[in-house]
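Enquirer: Fold the stuff below for me.
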Amino acid sequence: MPRISLIHATRLAIDPVVEAFTREWPQADVCNLLEDSLAPDLARDGEITATMTGRFVRLAGYVRENGADAILFTCSAFGASIEAAAGALAPVPVLKPNEAMFEDAIRQSKKIGMVATFAPSIPSMEREFAEMAAGTAAKLSSVYADGAMAALAAGDGETHDRLICDMARRLDDVDLILMAQFSTARARGRVEDQTGKPVLTSPDSAVQKLRRLLGPA
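Expert: Okay, the predicted model is just below:
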């Protein structure tokens, strides 16, 4: 089976995507690489720099040298850097965290909402969505669940999920809701119950896309 290397900027993203592989593609050879200085450095710099992009290219090159047949980055704030890594490793599949979820959403709905828990990721994700939705009627509305990620990092999953649901209920003029961060996938069922709307998560969509690309016919 193909080796899929997952590159994480926070340990909070690891369990949701590993669980998605267990559900959707248990046969895949999944490897994890955590580099948890990326998000603090982005917050410090306030923007994606050439130095940051170089780090992403080198991280992708490292896992490729160790046998990766495809690479999935799981932190949603680094779109431009991931694009550079994908260009450097082409034709090896290198996925941005949310591209598969956005593809699924654009195919399914015109009025789409998104709940984010990491504020620096929102501009990058909105830009990515707009580029992918060009020529379609799909529109994205984003809300930020302030404090949710910090709660989860402190082990308070209940507060994390409640804050996400509070913001999701504000997305009343949408037909579909997206969970922006991998770590927010845990709140999917609760958001669906409280909003009555279908919810997509980036881990499930990404694993399904990778299986279509590399799995058995």
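Enquirer: switch to C-alpha atoms for all contacts and neighbour counts from now on
Expert: Noted.
Enquirer: three-state assignment of the residue nearest the centre of the chain?
Expert: Centroid-nearest residue in the chain: residue 97, 3.3 Å away (criterion: Cα atoms, centre = their mean). With DSSP: H, G, I helix; E, B strand; the rest coil as the basis, residue 97 sits in coil.
Enquirer: tell me the phi and psi of the residue nearest to it when sequence neighbours are not counted?
Expert: Leaving aside its chain neighbours, residue 97 sits nearest to residue 74 (4.8 Å; criterion: Cα to Cα, 6 or more residues apart in numbering). Main-chain torsions, residue 74, degrees, to the nearest 10: phi -110, psi 0.
Enquirer: and residue 74, what does it touch?
Expert: 6-9, 13, 96-97, 181-182 (Cα atoms under 8 Å, 6 or more residues apart in numbering).
Enquirer: what's the following helix or strand after the strand or helix carrying residue 39?
Expert: Per DSSP states H and E: residue 39 is located in helix 38-45. Going down the chain from helix 38-45, the next helix or strand is helix 50-65, by DSSP H and E.
Enquirer: For that next one, buried residues please.
Expert: With burial defined by 16 or more other Cα atoms under 10 Å, the residues of helix 50-65 counted as buried are 52-53, 55-57, 59-61, 63-64.
Enquirer: go on, stretch 146-156?
Expert: 146, 148-149, 151-152.
Enquirer: Out of these, list just those in helices.
Expert: Per DSSP state H, helices hold the following members of these: 148-149, 151-152.
Enquirer: can you list the weak-confidence ranges in this protein?
Expert: 217 (pLDDT under 70).
Enquirer: Can you show me the helices along it?
Expert: 14-24, 38-45, 50-65, 79-89, 99-108, 121-133, 148-153, 157-168, 188-195, 202-214.
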